[in-house]
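In: just a sequence and a predicted model for now, questions to come.
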Amino acid sequence: MAMELKLSTNLKMSQKLVMTPMLQQAIKLLPLARLELAQQVRQEITENPVLEEIIEEDELQDETETDEEAEIAEPKENFEVIDEKNKGEEHTLENPDMDWDTYFQDNIDRGSSAENYTEQPTIETTHQKEPSLQEHLLWQLNLSVDNDRMSFIGSCIIGNINADGYLNANINDIGEISHADESEVLTVLKIIQEFEPLGVGARSLQECLKIQAQADENCTPLVLKLIENYLDRLEERYLAKVSSELNVRIESILEAIKKIKRYNPKPGQTFNSERIDYVVPDIFVIKTENGYDVTLNDDGIPRLRISPYYQNLLKNSAKGETKDYLEEKHKSALWFLKSIDQRRQTIHKVGK
């Protein structure tokens with residue numbers, strides 16, 4: 001039996017979900033952490049001139065101007081829904097997809113700002129890089145010495161100070177590295193040992209405590225004597241013998257030991273560069289009189305708006321490359337603003 005081949009035309013109707021660019025952008029923004037979102041927002045401000053950050057003074061001025069404007073149409077909230085009446089119309093300021101000036105004010109169930117409840121630290125404060133021990137010592141060295149030779153010797157010494165604040169290298173080794181005499185190295189080391197934190201640059205625990213004791217106005221001669229001669233014998237079982245040798249009452253020795261315990265045996269630890277970066281939440285759950293309420297944490301995330309300058313420029317510019325460019329950036333800015341607000345609504349609803 002012969003097979004017959006022929007061409008035919010069929011009409012088929014089907015429904016499928018299409019990912020619009022605006023929906024794709026909203027999905028990309030949704031899983032971002034607060035820091036990542038803040039970086040994305042600042043990058044968008046850099047790339048899109050139509051977007052600008054809202055400053056408090058500008059926000060107060062805009063609120064005054066908004067009160068004087070006429071009523072504006074109700075905004076749309078669905079990504080996929082397209083108004084068939086305006087489908088063939090061009091996207092311009094005279095015929096926008098939605099009114100973004102009132103969208104964020106009229107949109108319900110988006111939560112209140114956490115600033116109404118507690119004052120949160122700024123992102124610059126929470127993520128500020130603390131200076132290391134070496135950086136702090138070099139800064140003090142530059143203020144203390146006035147010639148390059150002593151500065152170089154001091155940098156060699158500071159480079160050999162460990163995280164606890166102790167000098168790990170020998171004086172002779174530092175002298176060979178810096179091409180200096182032992183007396184010069186000791187002179188500079190003496191200067192460094194007067195820096196903050198007290199006790200830094202010491203070569204032993206005894207020297208570290210002695211430096212701090214000499215700088216203490218309330219230090220007694222007994223404290224210095226215990227540090228210099230009896231530091232390894234300050235346990236309770238040796239106190240009677242130490243009291244007999246010094247011809248001092250045990251009570252006085254106990255008071256001196258209390259002062260020694262106040263000194264820091266590891267002064268460099270106060271400038272430990274390893275710090276804990278705590279996770280900053282996207283929402284806060286706050287107890288109220290009626291139960292619990294969920295608020296959004298917008299601290300550190302720039303607040304955006306469409307630049308009035310570029311709005312007027314787009315409205316008054318003639319058709320051409322400039323107008324096409326502004327319309328493209330204006331539409332991209334609207335998408336970005338709505339994606340951010342959609343993210344806020346989603347997080348608030350999930351948290352609630």
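Out: Looks like it arrived, so ask away.
In: please make it C-alpha for all contacts and neighbour counts, starting now.
Out: Fine.
In: pLDDT on the longest helix anywhere in the chain, on average?
Out: Using DSSP state H, we find that the single longest helix of the chain is helix 321-351. Average pLDDT, helix 321-351: 87.
In: packing partners for it?
Out: The elements that helix 321-351 packs onto, with contact taken as 3 or more C-alpha pairs under 8 Å, 6 or more residues apart in numbering; DSSP states H and E, are helix 21-29, strand 283-288, strand 291-296, strand 304-306, helix 308-316.
In: quick one: the third one to helix 321-351, angle?
Out: If I follow you right, that is strand 291-296. With axes from the mean of the first three to the mean of the last three C-alpha atoms, to 10 degrees applied, the angle from strand 291-296 to helix 321-351 works out at 160 degrees.
In: mind checking how far strand 291-296 is from the chain centre?
Out: 25 Å (C-alpha atoms, centre = their mean, to the nearest Å).
In: list the buried residues in it.
Out: Buried residues in strand 291-296, defined by neighbour count with 16 or more other C-alpha atoms under 10 Å: 294, 295, 296.
In: so it versus strand 283-288, what angle?
Out: Orientation check (the same axes, to 10 degrees): strand 291-296 against strand 283-288 gives 150 degrees.
In: what packs against strand 291-296?
Out: In terms of contacts (3+ C-alpha pairs under 8 Å, 6+ apart), strand 291-296 is packed against strand 283-288, helix 321-351.
In: please compute how far stretch 318-334 lies from its chain's middle.
Out: With C-alpha atoms, centre = their mean as the basis, the mean position of stretch 318-334 lies at 35 Å from the chain mean.
In: with stretch 224-233 instead?
Out: With C-alpha atoms, centre = their mean as the basis, stretch 224-233 stands 46 Å off its chain's centre.
In: before we move on, what about stretch 35-51?
Out: Chain-centre distance of stretch 35-51: 17 Å, with C-alpha atoms, centre = their mean.
In: out of the helices and strands packed on helix 321-351, which one sits most buried?
Out: Mean neighbours per residue, mean count of other C-alpha atoms under 10 Å, is largest over the helices and strands packed on helix 321-351 for strand 304-306, with a mean of 18.
In: for the record, mean pLDDT for that one?
Out: 88.
In: paired strands for that strand, with orientation please.
Out: strand 51-53 (antiparallel) (DSSP bridges).
In: ends of stretch 23-34, what's the gap?
Out: 20 Å (C-alpha to C-alpha, to the nearest Å).
In: show me the contacts for residue 337.
Out: 304, 305 (C-alpha atoms under 8 Å, 6 or more residues apart in numbering).
In: any idea how far it is from residue 52?
Out: According to C-alpha to C-alpha, residue 337 stands 11 Å off from residue 52.
In: export the helices and strands packed on strand 291-296 to JSON lines and tack on distance to residue 211?
Out: As requested, the helices and strands packed on strand 291-296 are exported to JSON lines (distance: least, C-alpha to C-alpha, whole Å):
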{"stretch": "strand 283-288", "distance to residue 211": "48"}
{"stretch": "helix 321-351", "distance to residue 211": "55"}
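In: tell me where the model's unsure across the stretch 101-250 of the chain.
Out: Within the stretch 101-250 of the chain, the ranges that satisfy pLDDT under 70 run 101-129.
In: where exactly do the helices run in it?
Out: For the stretch 101-250 of the chain, the helices defined by DSSP state H, counting those that start in this stretch cover 123-126, 133-144, 148-159, 171-178, 182-192, 205-215, 221-229, 239-246, 250-262.
In: those helices into TSV, with extra columns for mean neighbour count?
Out: Converted to TSV, those look like this (neighbours: other C-alpha atoms under 10 Å):
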stretch	mean neighbour count
helix 123-126	11
helix 133-144	17
helix 148-159	19
helix 171-178	15
helix 182-192	16
helix 205-215	20
helix 221-229	17
helix 239-246	14
helix 250-262	15
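In: between these, which one is closest to residue 46.
Out: When these are compared by C-alpha to C-alpha, helix 123-126 sits nearest residue 46, at 19.2 Å.
In: what about residue 350, how many residues nearby?
Out: Look at residue 350: counted by other C-alpha atoms under 10 Å, it has 9 neighbours.
In: now it: how far from residue 136?
Out: As judged by C-alpha to C-alpha, residue 350 and residue 136 stand 46 Å apart.
In: related to what we said a few turns ago, could I get the buried residues of strand 291-296 as a markdown table with distance to residue 179 and pLDDT?
Out: Below are those laid out as a markdown table (distance: C-alpha to C-alpha, whole Å; pLDDT from 0 to 100):
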| residue | distance to residue 179 | pLDDT |
| --- | --- | --- |
| 294 | 65 | 85 |
| 295 | 63 | 85 |
| 296 | 61 | 83 |
